[in-house]
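Chemist: task: produce atomic coordinates for the following.
(one chain, ligands or ions: 2)
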Amino acid sequence: MNDGMVKQLSQMLDSLSEHGWAVMPNAISKESCRALSLDLNRHQDAGDFRDASVGRGDSKSQESSIRSDSIHWLGASDPEVSIQDWLLEMKDLSESLNQNFFLSLNEYECHFACYEPGAFYLKHLDRFQNNSERIISVVLFLNDGWLKVDAGELLIYDREDSSLITAEISPEAGSLVLFQSDKIFHEVRKTNRRRLSVAGWLRSNTGAL
Ligand code: OGA
Ligand code: MN
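Modeler: Numbers count the residues shown, from 1 in each chain. Ligands and ions are numbered 1, 2, ... in the order given. Just a heads-up that it's a prediction; the model follows:
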């Protein structure tokens, strides 16, 4: 785990247990974010991105009225150092959360996401109805110098009252957001500028929570 994350770890853990979500500004260096965004662009230019879909298995559908980003799943076959480093950070995060919350996170998955101007993702939970493996959602932003007029904020709804917006997070490079996949409603406000992120999930496939 890098310095930015280590410094903010205990605060992040407190916020996660108290509110169900946490944000760490500057969790990742601008240089690392820049490397990730260059690799994102390269994958997009190579035609590796697909329109994102909603749901899973039989209920999977492309729903551009619900979300309009495009994604590329990251994995062991991506040769880029920036991607492999990020996958290791996801693993480290899983281990920290396991130790602190007695969880049994044992898998993780993540994808690059690109929201072109006008794109959005309506209010939703990250857990599928037919699958409860996703425990913690992790979003890293990659946009340097994000302005208020760019919009595209990640809206976090209150865990206790999901009609209340409790945070509007600017998707600035290096900010890392964690939240409970099954409890925290969230939304990506329509963006005015090309918006890049890595969205991922720490999972437990043991069936127990
Ligand atoms: C998601 C999601 C938020 C973001 O992919 O489920 O909510 O800011 N992403 O990319
Ligand atoms: Mn989501």
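Chemist: going forward, measure contacts and count neighbours with C-alpha atoms only.
Modeler: Fine.
Chemist: which residues touch the closest residue to residue 150 other than its chain neighbours?
Modeler: Sequence neighbours aside, residue 192 is the residue nearest to residue 150 in space, at 4.8 Å (criterion: CA to CA, 6 or more residues apart in numbering). For residue 192, the contact set (CA atoms under 8 Å, 6 or more residues apart in numbering) comprises 116-118, 149-152.
Chemist: filter those to the buried ones?
Modeler: Among the contacts of residue 192, those classed as buried by neighbour count (16 or more other CA atoms under 10 Å) are 116-117, 150-152.
Chemist: mind putting those residues in TSV, secondary structure included?
Modeler: Shown next, in TSV, are the buried ones among the contacts of residue 192 (DSSP: H, G, I helix; E, B strand; the rest coil):
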residue	secondary structure
116	coil
117	coil
150	helix
151	strand
152	coil
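Chemist: the residue minimising distance to the centre of the chain sits in which helix or strand?
Modeler: Note on the chain: the residue nearest the mean C-alpha position is residue 139, at 2.2 Å, using CA atoms, centre = their mean. In the assignment (DSSP states H and E), residue 139 maps to strand 134-141.
Chemist: distance check, the residue nearest to residue 150 against ligand 1.
Modeler: As judged by CA to the nearest ligand atom, to the nearest Å, residue 192 and ligand 1 stand 14 Å apart.
Chemist: could I get the phi/psi values of residue 81?
Modeler: Dihedral pair for residue 81: phi -60, psi -40, per degrees, to the nearest 10.
Chemist: any idea how far residue 130 is from residue 91?
Modeler: 25 Å (CA to CA, to the nearest Å).
Chemist: ok, now residue 101?
Modeler: Counting by CA to CA, the gap from residue 101 to residue 130 is 25 Å.
Chemist: before we move on, what about residue 42?
Modeler: 34 Å.
Chemist: cool, residue 143 as well?
Modeler: 33 Å.
Chemist: neighbour count: those two, which is higher?
Modeler: Legend: neighbour count by other CA atoms under 10 Å for residue 143 and residue 130, higher for residue 143 (22 against 11).
Chemist: so what's the more buried one up against?
Modeler: 33, 171-173, 195-197.
Chemist: bridging residues for it?
Modeler: Counting by DSSP bridges, residue 143 forms beta bridges with residue 172.
Chemist: what bridges to residue 115?
Modeler: Residue 115 has these beta-bridge partners by DSSP bridges: residue 195.
Chemist: all set, thanks.
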